[in-house]
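In: I'll drop the sequence and a predicted model, then ask my questions.
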Amino acid sequence: MTFLGERYARRGEARPLIELRASVEARARGVPTPAVVAGALYPAGLFYRADIATELISEGHSLADRLWGPGPPAGGAADALARAGRLTRALEDAGVLHADLNARNVLVGAGADPPAAHVVDLDRCRVLPLGAHPRRGPMRRRLERSLRKLGGRHGKPLTEPQWEALRAGFGAEGP
């Protein structure tokens, strides 16, 4: 637990506004992310708490829950990983740099055919100007590190075919 918990220092732009702006721009650039529908700030002296509400992703679960949660992953682990890889590539192509892309910030829905992957927690994203070409790799490495860590924690690391599915998704265009 951090010293501030769920509180943020009241300096600069509030996190819900940053997330709203990043979400609107990411969606405009074709990145699947739930639409922000409401937000609230609760000031308390030098700090504030904040809540943000987004649209519901039908039967959406984090990639981590799809891989290590109860029951088999919808559509199979390799399919969920390939979709996460394509989502990462879509973020790169759109110039939306997610500072904390991990297996908990990728939602995999079950309602679509095939189920779509969506990115969440955009409050620390940096959206580059249109036409900018971000380096490939940092978000990919962050997601891979998260998957290795969770695989170790659950005693069930990803298999080589699963890693290949993720990396094939990185090479594919579009979400």
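Out: Yep, that arrived. Numbers count the residues shown, from 1 in each chain.

In: if I've got this straight, Ala53 is in a strand?
Out: Yes - the assignment for Ala53 is a strand, going by DSSP: H, G, I helix; E, B strand; the rest coil.

In: where along this protein do the helices fall?
Out: Remark: helices assigned in the chain by DSSP state H are 15-28, 63-68, 77-94, 138-153, 160-171.

In: for the least confident helix or strand in the chain by mean pLDDT, which helices and strands make contact with it?
Out: Among the helical and strand segments of the chain, the one scoring lowest on mean pLDDT, DSSP states H and E is strand 8-9, with a mean of 80. Packing partners of strand 8-9 (3 or more CB pairs under 8 Å, 6 or more residues apart in numbering; DSSP states H and E): strand 47-54. (Glycine included, C-beta is placed from N, CA and C.)

In: quickly run through the sheet partners of the strand it packs on, with directions.
Out: The pairing partners recorded for strand 47-54 under DSSP bridges are strand 8-9 (antiparallel), strand 36-44 (antiparallel).

In: okay, now the unreliable bits of the protein?
Out: Where the chain drops to pLDDT under 70, the residues are 1-5, 71-75, 111-115, 173-175.

In: show me this protein divided up by domain.
Out: Residue ranges for each domain of the chain read 8-54, 61-171, as given by automatic domain parsing.

In: got the end-to-end distance for the shortest one?
Out: Start and end residues of domain 8-54 are separated by 20 Å (CA to CA, to the nearest Å).

In: report the distance from that domain to the chain centre.
Out: 15 Å (CA atoms, centre = their mean, to the nearest Å).

In: about what we covered before: with respect to Ala38, which of the helices of the chain lies nearest?
Out: Smallest distance to Ala38 across the helices of the chain (CB to CB): 9.3 Å, for helix 15-28.

In: which neighbouring elements make contact with the closest one?
Out: Secondary-structure packing of helix 15-28 (3+ CB pairs under 8 Å, 6+ apart): strand 36-44, strand 47-54, strand 96-97, strand 126-127.
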